[in-house]
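[1] Predicted model and sequence follow; I will ask about them next.
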Amino acid sequence: MASLGIAALALAFLASIVSVAALLLGRSMGEEQGETFTNWGYLATFAALAGYTVGVVIIVYAMFTNGFSLQYVAENHSTDVSNLAWLYKLSGLWAGREGSLLFWSWLLAAFASWIAWRRISITDALSNMGLMITNVILALFGAAMLFSQPNNPFKASPADWLGPNGELLVQTGMNPLLQHWAMILHPPTLFIGYAGLTIPFAFAVAAIIVNDGSKLWVEITNRITVFAWLFLGMGIGLGAIWAYVVLGWGGYWAWDPVENASLLPWLTGVGLLHSFTVYRRRDGFKKWAIVNASVTFALVILGTFITRSGIVQSVHAFQEDPVSLFLFLGMIIGALVIGIGGVLWRGATFEGHEEFESLTSKDAAYYFNNVLMLVASIIVAYLTVSSALPAWMPGGGQNFGAQTYDAIARPVGILYAFILAVCPLLSWRKTDLVTFQKRVWKPAATAAVLFALLMLEWFQTLQPIFGKIKQTIASGAKPGVSVIGPDWWHHAQAIAAFAAASLIISTAVWLFIDGATGRARGRGENFFSALWAILSKARSQSGGYIAHIGIGVILIGLVGSAMYVDDIRVQIPDKPGSKFAVDRYEFTYRSIEQNQLPNQDVISTATFDMTRDGKPAGTLTPGQTQFAVQGQSRLNVDVLSEPLRDVFIVFEGTQGNNISINVKINPLIWFSWIGFILLLLGSSLAAWPKAGQEEPVPVREKASTKKKPRPAAATR
């Protein structure tokens, strides 16, 4: 099995090399003379996908059949016996260092093959070079697995690990924290995003190589970019859910280096997508698009560099590997040098309509969107790797905590939110005051109502919680949230965020209302038919507005659940009937029960009856699981959700005759989850392809509808 897996990796690696060579040779020989070699380059891309597919199938098969002869399978097989056990076996493919890199490579090969399939009947110079660059990256991933033992998923298990019948003799297996439904979905969605964001970078470099400043490369990659950005956001959100319900600390974002690594390309991806919009519609932001594509890819690679190089300490990082250190560092530097250097080299080619007459224009809003996202990403990236930097550099050798990140992220995020709220109301080039006033009064009036409701919640609930937070700080204990600067600054940021969120939501809603009303009036349709037509036909724009609503709703949730959390730890006697209170809630301890599973794991469950304002509100059952094979324990939190808050309870164990309990009241947290769903729905709508949409072709080919036949091996 190990030999077959290594052979599959070698096939995929060699196929990528062949594809690169064939596409370069085809280009050097000219369009007609090099056509045969060009086609071989496309076909070799499919061969690379076949090789990685075989490798993935081998790992999955070994996971389901306990193929412990592979060390990766032995170290990452699931020991779960629940109804989700088969899914945990499948997730073993991406649970560890080697398998996740194989899975990532397979996804990248799938994206490359999709491009090859769509473009093989055209094989224009831009597509050829875009596919070539993608295969270069694919070959580097293959080299990382073939020539670095820590990254090789097919290395054999040590002989003393296995019994005479192939049974596993050592106590090892999948990290118990990964045996949760969110972790079945979190890594693959992230990796889909990472792999997909390689494609716009590859075609940006291709545009530099062939000296093509047209919007063709953007048209080819736009839907893939939205799709990849959507899945990356989905992965981040699922990771937040996992952290919230599995790690037992009551939060969902800790600014861990690996968490940051997933956020960074998502942020620059926002700038990339907005640059694509201006590129396609107004022939502008061309250089921004190239730079954003390059920086986004570099930040994608930064994620795997952090996890695999060992230079940054993280709870998610793998062991140090010199090959990964130099290979992925080289890819990061190379992407930045090629992107920025290419823009300087081909400056005249990528000149566009960058100028804007006024700061109160849509152009200016898009420009500041790019600047904010790029600068914020650079700062967070720098802080993330600062511990590995030399001491003579600012912050070098230091680890920065959540407070530092929050101090930057909160004001920058609020400023960005206001730009996001106002941008749709602005005109291109310049917005005159009368026009802006006409457009803004209805959104502003509605936003004022929403803002008033949020301020009522702030006054009644959030501000009293802040008083408890200050008492916690005064006692010398660490609060569950970051309080940075004087109290007025903390509250001012929250209030400003509520105002920005209200305006974001209101503006997007009124854009739909005004659009549907105007269409209904002009075409004699009813309002809802007109609204459906807007949603179904103008999908990119409508999806963007829904995504904006989602971001506004998320912002409301962030204020409550990250700035105003009532957090208390108590110890009560281990006796039925013991009570304690948190805010409006009283908890009555009932019992602790233990249950041993067939795999020898032991689950301890504590039961509490809860009342709210003296009335029964439910039963909570937090617990712990002790995993027999791994020798680890996991907190099993319980959460009772209400419309405006979560009651989050953790059973932390027993100490003598007492039991330790942690309870958090997380205000407005459901706004974060609902906003996340809206963001996904909007992004999905924007990414949905139009029916019958033809493949974009170079301008010189648009005069003729005739396309060359596909090679026989690639015919549909």
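    Alright, I've got the coordinates.
[2] Where do the strands of the stretch 351-500 of the chain begin and end?
    Using DSSP state E, counting those that start in this stretch, the stretch 351-500 of the chain contains no strands.
[3] Low-confidence ranges, it, go.
    Flagging of the stretch 351-500 of the chain using pLDDT under 70 yields the residue ranges 354-357.
[4] mind listing the helices for it?
    Under the criterion DSSP state H, counting those that start in this stretch, the stretch 351-500 of the chain contains helices at 362-385, 402-422, 433-457, 463-474, 487-523.
[5] Go through those and name the closest to residue 688.
    Set against residue 688 and scored by Cβ to Cβ, the helices of the stretch 351-500 of the chain come closest in helix 487-523, at 17.3 Å. Quick note: C-beta positions are derived from backbone N, CA and C, even for glycine.
[6] In terms of secondary structure, what does that closest one contact?
    When contacts are defined as 3 or more Cβ pairs under 8 Å, 6 or more residues apart in numbering; DSSP states H and E, helix 487-523 packs onto helix 402-422, helix 433-457, helix 463-474, helix 527-537, helix 539-563.
[7] now the last one and helix 402-422, what's the angle there?
    Between the axis of helix 539-563 and that of helix 402-422 there is an angle of 140 degrees, by axes from the mean of the first three to the mean of the last three Cα atoms, to 10 degrees.
[8] Next secondary structure after helix 539-563?
    Helices and strands here follow DSSP states H and E; after helix 539-563, the next one along the chain is strand 566-573.
[9] Extract the C-alpha trace of that following strand and format it as CSV.
    C-alpha atoms of strand 566-573 as CSV (Å, rounded to 0.1, in the frame of the first residue of the first chain):
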residue,chain,number,x,y,z
ASP,A,566,-20.6,37.8,31.9
ASP,A,567,-18.1,35.2,33.0
ILE,A,568,-18.0,33.5,36.4
ARG,A,569,-16.3,30.4,37.9
VAL,A,570,-17.8,28.8,41.0
GLN,A,571,-17.2,25.8,43.2
ILE,A,572,-20.2,24.2,44.8
PRO,A,573,-20.5,21.1,47.1
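[10] In terms of secondary structure, what does it contact?
    helix 463-474, strand 579-582, strand 658-667.
[11] Go through the last one and flag the buried ones.
    Of all the residues in strand 658-667, those buried under the rule 16 or more other Cβ atoms under 10 Å are 659, 661-667.
[12] go on, the second one?
    Burial within strand 579-582, assessed by neighbour count using 16+ other Cβ under 10 Å, is assigned to 580, 582.
[13] any idea of the mean pLDDT for it?
    Here strand 579-582 scores 90 as its mean pLDDT.
[14] quick one: it to chain centroid distance?
    Computed by Cα atoms, centre = their mean, to the nearest Å, the chain-centroid distance of strand 579-582 equals 38 Å.
[15] same deal with stretch 436-455?
    In terms of Cα atoms, centre = their mean, the centre of stretch 436-455 is set 31 Å apart from its chain centre.
[16] And for stretch 648-660?
    Stretch 648-660 sits 35 Å away from the centroid of its parent chain (Cα atoms, centre = their mean).
[17] go on, stretch 490-497?
    26 Å.
[18] middle-most residue in this protein, spatially?
    What sits nearest the mean C-alpha location of the chain, by Cα atoms, centre = their mean, is residue 232, with 3.1 Å.
[19] so what's that one up against?
    Going by Cβ atoms under 8 Å, 6 or more residues apart in numbering, residue 232 touches 189-190, 192-194, 196-197, 262, 265-266, 269.
[20] Now render those residues as TSV, adding secondary structure and distance to residue 395.
    TSV is the format used below for the contacts of residue 232 (DSSP: H, G, I helix; E, B strand; the rest coil; distance: Cβ to Cβ, whole Å):
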residue	secondary structure	distance to residue 395
189	helix	32
190	helix	27
192	helix	33
193	helix	28
194	helix	27
196	helix	32
197	coil	28
262	helix	22
265	helix	22
266	helix	23
269	helix	26
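[21] Dump those into a markdown table; add distance to residue 550 and pLDDT as well.
    As requested, the contacts of residue 232 are exported to a markdown table (distance: Cβ to Cβ, whole Å; pLDDT from 0 to 100):
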| residue | distance to residue 550 | pLDDT |
| --- | --- | --- |
| 189 | 16 | 94 |
| 190 | 19 | 92 |
| 192 | 19 | 95 |
| 193 | 17 | 95 |
| 194 | 22 | 95 |
| 196 | 20 | 95 |
| 197 | 20 | 96 |
| 262 | 18 | 90 |
| 265 | 19 | 94 |
| 266 | 14 | 93 |
| 269 | 15 | 93 |
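[22] Which of these lies at the shortest distance from residue 399?
    Set against residue 399, the nearest of those by Cβ to Cβ is residue 262 (19.1 Å).
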